[in-house]
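Colleague: Here is my input; please provide its structure:
(chains A, B, C and D)
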There are 2 protein chains.
Amino acid sequence: MSPRLQRAPGVTIGDIAAAAQVSRSTVSRAFTRPQLLSPETVDHVRAVAARLGYVGNQAARALSTGRFGNIAVVVPDIANPFFPPLVRSLQSAAETADLAVFLGDSDESAEREAKLIARLAPQVEGFVLASPRLSEQLIRELAATRPVVLVNRDLDGIPRVLIDSTGGMTEAVMLLKKLGHERIAYLAGPRDSWSDQQRREVLTSAASGLTVEVIEVGRPSYAAGRDSVSALVRSGATAAIAFDDVVSQGVLAGLELRGISVPGDFSLVGCDDTLAALTTPALTSVSAGASTAGTAAAQLLIRLMEDADDAGECMTIATHLVTRATTATAPKGALT
Amino acid sequence: MSPRLQRAPGVTIGDIAAAAQVSRSTVSRAFTRPQLLSPETVDHVRAVAARLGYVGNQAARALSTGRFGNIAVVVPDIANPFFPPLVRSLQSAAETADLAVFLGDSDESAEREAKLIARLAPQVEGFVLASPRLSEQLIRELAATRPVVLVNRDLDGIPRVLIDSTGGMTEAVMLLKKLGHERIAYLAGPRDSWSDQQRREVLTSAASGLTVEVIEVGRPSYAAGRDSVSALVRSGATAAIAFDDVVSQGVLAGLELRGISVPGDFSLVGCDDTLAALTTPALTSVSAGASTAGTAAAQLLIRLMEDADDAGECMTIATHLVTRATTATAPKGALT
DNA sequence: TTGAAAGCGCTAACAT
DNA sequence: ATGTTAGCGCTTTCAA
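Modeller: Numbers count the residues shown, from 1 in each chain, chains lettered A, B, ... in the order given. From the prediction side, this is the model:
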């Protein structure tokens, strides 16, 4: 095993110990527990280490401590505009705590998600699973092993951050009612998504006095949204709330294609506020605070890694409606 | 050191060796070099390992081999829609090669980029730096240490993947000329971006017969795009090419605000094709193939990690113009 | 084809 | 306050 190529220069603790005339433990302590050493020793050792360009070997440290200083965030699709802000703020918070972040993209597949987790688990002290597609059982098994924080998945006893659509959705319904709509549609997302389930519920319960048609869209995409417009028109609805902004944009395109103008003839509301502010016309959307969720998830995970007693905690992030062009006017013929 | 908590269940090679009645070396070989063992032994050992739920300890492996099986991708802003598809395809390609991916977001700061790299370096065998803001010197120093692949940064001698805007930009200029424009504007991006530099050059050289006004936008954002419209109008241009789709959307909003309709009164072209297909109206855009770049970068890096002799290789990804609604008609009064 | 044993670089009991 | 020492779990030479 000796004659093995070392890619890195390879300054070890031993080298420093020799150069600084102290034992290896002293060198180690100078970095990990300087309180135990006299200040002069610490300074001396650190100076020598710096001079030699010492860089701690993570593998050795991890092997010895069982701690890597790494976490992983797994998302179903990083290209879905909901996740980048979440990942971004998560990584930023992790960086502050000196944690490095692995990213896994499961491509909306529970199986790939499981594989990714298995691959990452041995070098990771904690997981953030955003909108996981994994089965409850597998998640619970993982959570028994190490700290896990869920985002937008509601599993009792497992720490989680939930973006609560109730507020925003209710506001959206109110607005549509006020605009004079009597029959609205919900363009639903994937059934295994917690967010979708929650939105369905809110909508069917909060829509007092309104008729709500649920239209299944499947995997939320621009194309799927556009293609759902025929069903939307058939439903007789004069307004719609879409599962997310991408679908909403697709619907917008499909409506224009048929000469139905928004908001003149039809009112449209998206969710998550991802694209909404970036488009022309700007979309009315239920603001999701994905970035807030990312920070919250990171902080929750960090607390969990410090003392594993916070288990089961659930943070809720409220939403609200952001009104923009697509609900600017009442639909034609509506009784305002 | 014995009485240390082991968070993971901790099935080790030793456990398997005991259960399978073989030596630990045999177990190790069953995974790393099965050719050296009899097929039956391999099967047997692997079966036992699977039954016990064995998961190799990366730290120990890395400590022994010097290899982690990790790479890192560093981006200036994962929330910028150009990067998620790139990261996504990169991670997918890495997964195929059984590599785990660290994600770093530098927040457009060279300093944070350097810190991230330093933090990640000791557990990573290679880097993909996408649109790095880092100084040339620091990049070269890093590249001397370990395999590095650049995306959209052109440093001689360092392997890189460049998205070449020439094709798409030239097509865009041609189209605008054909539509009857005589004076067009380029809404420029950040000067330290290689992509922006390249686009400026192409535009000023390819625009034979056209006048090109360059309007500085700064950090590319929706708001910056919208705010640049006053300068755009002042310039007297009847068409514009924006540094990216986000800026393009902002410009669109600014134009509508002034009652200038697109494409009726004005023609607009974006770059990167990130938002372009997802909005209404759909944007004409120079398609960037960020996803292709991600795959290419991963494969290049993997080749580099296998034999470090491919250094200096440069892959170029061509672009083309995708024509959509925002250049659908000639501007009013233009001579078609 | 397999086993025995050394050691990768670090940390943390234990001893001083 | 510092040194001594025994591993962490794995790979790999060397010997059989």
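
Colleague: after the biggest helix by length in chain A comes which helix or strand?
Modeller: The longest helix of chain A (DSSP state H) is helix A:290-306. Once the chain leaves helix A:290-306, the next helix or strand it forms, by DSSP states H and E, is strand A:314-318.

Colleague: Does anything pack onto that next one? Which helices or strands?
Modeller: With contacts taken as 3 or more C-beta pairs under 8 Å, 6 or more residues apart in numbering or on different chains; DSSP states H and E, strand A:314-318 sits against strand A:160-164, helix A:290-306. C-betas here are computed from N, CA, C, even on glycine.

Colleague: got CSV for those, with mean pLDDT and mean neighbour count too?
Modeller: Shown next, in CSV, are the helices and strands packed on strand A:314-318 (pLDDT from 0 to 100; neighbours: other C-beta atoms under 10 Å in any protein chain shown):
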stretch, mean pLDDT, mean neighbour count
strand A:160-164, 97, 23
helix A:290-306, 94, 21
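
Colleague: Which one of the ones you listed lies nearest to DNA strand D?
Modeller: helix A:290-306 (19.1 Å; C-beta to the nearest atom of the strand).

Colleague: helices or strands up against the longest helix of chain A?
Modeller: Against helix A:290-306 (3+ C-beta pairs under 8 Å, 6+ apart) you get strand A:70-75, helix A:83-96, strand A:126-130, strand A:148-151, strand A:160-164, strand A:314-318.

Colleague: Make CSV out of the ones you listed and add distance to B:Asp156.
Modeller: Output for the helices and strands packed on helix A:290-306, formatted as CSV (distance: least, C-beta to C-beta, whole Å):
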stretch, distance to B:Asp156
strand A:70-75, 34
helix A:83-96, 31
strand A:126-130, 40
strand A:148-151, 43
strand A:160-164, 46
strand A:314-318, 48
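
Colleague: Could you say which one of these comes nearest to DNA strand D?
Modeller: Here strand A:70-75 is closest among the helices and strands packed on helix A:290-306 (C-beta to the nearest atom of the strand), at 16.6 Å.

Colleague: Parallel or antiparallel, which strands does the closest one pair with?
Modeller: When sheet partners are counted by DSSP bridges, strand A:70-75 sits next to strand A:100-105 (parallel), strand A:126-130 (parallel).

Colleague: contact partners of the first one?
Modeller: Residues from elsewhere that reach strand A:100-105, judged by C-beta atoms under 8 Å, 6 or more residues apart in numbering or on different chains: A:69-78, A:87, A:90-91, A:94-95, A:113, A:116-117, A:120, A:123-124, B:70, B:87-88, B:91-92, B:100-104, B:119-120, B:123.

Colleague: between the helices and strands packed on helix A:290-306, which gets nearest to A:Thr292?
Modeller: strand A:314-318 (5.5 Å; C-beta to C-beta).

Colleague: In PDB, list the C-alpha atoms belonging to the closest one.
Modeller: Output of strand A:314-318 as PDB, limited to C-alpha atoms (Å, rounded to 0.1, in the frame of the first residue of the first chain):
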ATOM      1  CA  CYS A 314     -42.800  20.800  11.600                       C
ATOM      2  CA  MET A 315     -42.300  24.300  10.200                       C
ATOM      3  CA  THR A 316     -45.000  25.900   8.200                       C
ATOM      4  CA  ILE A 317     -44.500  28.700   5.700                       C
ATOM      5  CA  ALA A 318     -47.600  30.700   4.900                       C
END
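
Colleague: Output the below-cut-off pLDDT ranges for the stretch 1-150 of chain A.
Modeller: A:1-9 (pLDDT under 70).

Colleague: Indicate which one of the helices and strands packed on helix A:290-306 is closest to DNA strand C.
Modeller: So among the helices and strands packed on helix A:290-306, strand A:70-75 is nearest, using C-beta to the nearest atom of the strand, at 14.9 Å.

Colleague: if we can go back for a sec, distance to B:Gly180 for the helices and strands packed on strand A:314-318 - can I get that in TSV?
Modeller: Shown next, in TSV, are the helices and strands packed on strand A:314-318 (distance: least, C-beta to C-beta, whole Å):
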stretch	distance to B:Gly180
strand A:160-164	49
helix A:290-306	43
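
Colleague: how about the ones you listed, which one is nearest DNA strand C?
Modeller: The nearest among these, by C-beta to the nearest atom of the strand, is helix A:290-306 at 14.7 Å.

Colleague: could you dump the closest one to PDB, C-alpha only?
Modeller: The C-alpha trace of helix A:290-306 is given here as PDB (Å, rounded to 0.1, in the frame of the first residue of the first chain):
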ATOM      1  CA  ALA A 290     -39.300  28.400  -1.900                       C
ATOM      2  CA  SER A 291     -36.300  30.300  -0.900                       C
ATOM      3  CA  THR A 292     -37.600  30.700   2.700                       C
ATOM      4  CA  ALA A 293     -38.200  27.000   2.700                       C
ATOM      5  CA  GLY A 294     -34.700  26.300   1.700                       C
ATOM      6  CA  THR A 295     -33.200  28.300   4.500                       C
ATOM      7  CA  ALA A 296     -35.600  26.900   7.000                       C
ATOM      8  CA  ALA A 297     -34.800  23.300   5.900                       C
ATOM      9  CA  ALA A 298     -31.100  23.900   6.300                       C
ATOM     10  CA  GLN A 299     -31.500  25.400   9.700                       C
ATOM     11  CA  LEU A 300     -33.700  22.600  10.900                       C
ATOM     12  CA  LEU A 301     -31.300  20.000   9.600                       C
ATOM     13  CA  ILE A 302     -28.400  21.700  11.300                       C
ATOM     14  CA  ARG A 303     -30.300  21.800  14.600                       C
ATOM     15  CA  LEU A 304     -31.100  18.100  14.100                       C
ATOM     16  CA  MET A 305     -27.500  17.200  13.500                       C
ATOM     17  CA  GLU A 306     -26.400  19.000  16.700                       C
END
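
Colleague: Which positions within stretch A:202-219 qualify as buried?
Modeller: A:Val202, A:Leu203, A:Ala206, A:Ala207, A:Leu210, A:Val212, A:Glu213, A:Ile215, A:Val217 (16 or more other C-beta atoms under 10 Å in any protein chain shown).

Colleague: ok, the third one - contacts?
Modeller: By C-beta under 8 Å, 6+ apart, the contact list for A:Ala206 reads A:Thr166, A:Met169, A:Thr170, A:Val173.

Colleague: mind listing what the last one touches?
Modeller: Contacts were defined as C-beta under 8 Å, 6+ apart; by that measure A:Val173 touches A:Ile184, A:Leu203, A:Ala206, A:Ala207, A:Leu210, A:Ile241.

Colleague: about what we covered before: just tell me which of the helices and strands packed on helix A:290-306 ends up closest to B:Gly264.
Modeller: It is, among the helices and strands packed on helix A:290-306 and with distance given as C-beta to C-beta, helix A:83-96, at 33.7 Å.

Colleague: So which elements touch that closest one?
Modeller: Packed next to helix A:83-96, using 3+ C-beta pairs under 8 Å, 6+ apart, are strand A:70-75, strand A:100-105, strand A:126-130, helix A:290-306, helix B:83-96, strand B:100-105, helix B:110-120.

Colleague: so can I have TSV of these showing distance to B:Ser25?
Modeller: Shown next, in TSV, are those (distance: least, C-beta to C-beta, whole Å):
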stretch	distance to B:Ser25
strand A:70-75	29
strand A:100-105	30
strand A:126-130	33
helix A:290-306	35
helix B:83-96	29
strand B:100-105	26
helix B:110-120	32
